[in-house]
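Novice: sequence-free structure coming up:
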């Protein structure tokens, strides 16, 4: 029996020695720890968070060690939240988790707390939410409503997409001439426009904003297509009236050959699809474009017709930037229903793109004297490349 007491004495002695010399052992065998195990309900293993050591350390600086003065901007409504989070998640995974550019969200109504919380869950970047001033968004009082109503009714009869929508027209007008004036945008020079429910097919392992900055680019795009003629019957006449009145504002070496096949007599309806834009807001804030937008706005074409921000921005970029200041982001795989750009060849491999290269709507053009390539798209076209010219 004495041997039993001897063994117990040794065990107790070792316990006290280990308790004092090994903090972890003492904590694990303390009375409070034993009590917690007995009294507290057992926590399922899957509810115990992993230690931080398992996670990759976040890179909080740009890989280049510098960043441009830029933001990602999205115009959205509270009801768009699922499409918004889908787009931002893709952009974060494919690009912004490496570069940490801030976001600005704009809405003509106050964002809900749910919207804000769900967006902030996806990104570690700075996020700001802005309310659009009513006088920037709503149809101006000086618009002849009777005339505008008749125009909408005619477009509905002719099955023109968004032909009967006033909110769509408000959006087009706002994107054409007001978003870059918003107080949250004033602090930035460059922007990347993103929309709900889009897809990014490829990894983007470089900073497009630095490309714009370092190479003196003013406007960047991925897709170009033809505008619906029924939506812009008098737009080109209005543009020509402007350039006649202000010829000194038109930039030499511009991209007129992109928007006109006959030296400016007519508009060929080509435009950059503006749901994807990476641009320098100084282009829009400058004297030439501001006068241009105000001139267009005074004609009422956003409401008497259905002028879109895509042709308006495209015409502005083509007239007020040099053609070599317009950049085709050929290696950024992108889809906005119903069109997509899928990088070809080595760019597809380098970007680890998951889009099918054969499903690339448009035709590779050698317009603009070969300075940059343009993709023209239509609902029935598919990619046809023939010796670098339009097939």
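Specialist: Happy to help now that I have it. Only a predicted model underlies this, so the values are computations on that prediction, with no experimental measurement involved.
Novice: wouldn't residue 174 be in contact with residue 138 here?
Specialist: No. With contacts counted by Cβ atoms under 8 Å, residue 174 stays clear of residue 138, the gap being 9.6 Å. Any C-beta I mention is one placed from the backbone N, CA and C, and that applies to glycine too.
Novice: out of these two, which sits in the more crowded spot?
Specialist: Higher neighbour count among residue 174 and residue 138: residue 174, with 22 against 16, using other Cβ atoms under 10 Å.
Novice: which residue packs closest to residue 136, ignoring adjacent ones?
Specialist: Nearest residue to residue 136, sequence neighbours excluded (Cβ to Cβ, 6 or more residues apart in numbering): residue 178, at 4.3 Å.
Novice: close enough to count as contact, the one you found and residue 138?
Specialist: No. The criterion here is Cβ under 8 Å, and residue 178 misses it with residue 138 at 11.2 Å.
Novice: my guess is residue 193 meets residue 76, correct?
Specialist: No. If you go by Cβ under 8 Å, residue 193 and residue 76 don't touch, sitting 11.4 Å apart.
Novice: what comes up buried for stretch 87-102?
Specialist: 87-88, 90-92, 94-96, 98-102 (16 or more other Cβ atoms under 10 Å).
Novice: repeat for stretch 335-354
Specialist: 335, 336, 339, 340, 341, 342, 343, 344, 347, 348, 351, 353.
Novice: do the same with stretch 237-247
Specialist: 238, 239, 242, 243.
Novice: list the helices and strands the host helix or strand of the last one packs on?
Specialist: Under DSSP states H and E, the secondary-structure element containing residue 243 is helix 235-245. Secondary structure elements in contact with helix 235-245, counted by 3 or more Cβ pairs under 8 Å, 6 or more residues apart in numbering; DSSP states H and E, are helix 287-299, helix 309-320.
Novice: most tightly surrounded among these?
Specialist: helix 309-320 (a mean of 25; mean count of other Cβ atoms under 10 Å).
Novice: next, the angle from that one to helix 287-299.
Specialist: 140 degrees (axes from the mean of the first three to the mean of the last three Cα atoms, to 10 degrees).
Novice: the next helix-or-strand element following helix 309-320: how far from the chain's middle?
Specialist: For helix 309-320, the following helix or strand on the C-terminal side (DSSP H and E) is strand 326-328. Relative to its chain's centre, strand 326-328 lies at 16 Å (Cα atoms, centre = their mean, to the nearest Å).
Novice: now do stretch 191-201
Specialist: 4 Å.
Novice: what is the end-to-end distance of it?
Specialist: 20 Å (Cα to Cα, to the nearest Å).
Novice: for it, buried residues please.
Specialist: Buried residues in stretch 191-201 (16+ other Cβ under 10 Å): 191, 192, 193, 194, 195, 196, 198, 199, 200, 201.
Novice: just stretch 104-114 next, same as before
Specialist: Here stretch 104-114 shows 104, 105, 106, 107, 108, 111 as buried, counting by 16+ other Cβ under 10 Å.
Novice: in strands only, show me those residues.
Specialist: Of the buried residues of stretch 104-114, the ones assigned to strands by DSSP state E are 104, 105, 106, 107.
Novice: out of those, which comes closest to residue 282?
Specialist: Residue 282 lies nearest to residue 104 out of these, by Cβ to Cβ, at 17.1 Å.
Novice: the helix holding residue 243: what's the following helix or strand?
Specialist: helix 256-259.
Novice: what are the pairing partners of the helix or strand just after that next one, and which direction each?
Specialist: The helix or strand immediately downstream of helix 256-259 is strand 270-272, counting by DSSP H and E. Using DSSP bridges, the strands paired with strand 270-272 are strand 224-226 (antiparallel).
Novice: surely residue 359 meets residue 338?
Specialist: No. Counting by Cβ under 8 Å, residue 338 is not a contact partner of residue 359; they are 11.3 Å apart.
Novice: tell me which residue is most central in the chain.
Specialist: By Cα atoms, centre = their mean, the chain has its centre lying nearest to residue 194, at 1.9 Å.
Novice: please report phi then psi for that residue.
Specialist: The phi and psi values for residue 194, taken as degrees, to the nearest 10, are phi -130, psi 150.
Novice: need the pLDDT of it.
Specialist: Residue 194 is assigned 98 on the pLDDT scale.
Novice: what is the distance between stretch 267-283 and the centre of its chain?
Specialist: Centroid separation between stretch 267-283 and its chain, computed with Cα atoms, centre = their mean, is 13 Å.
Novice: appreciated, that's everything.
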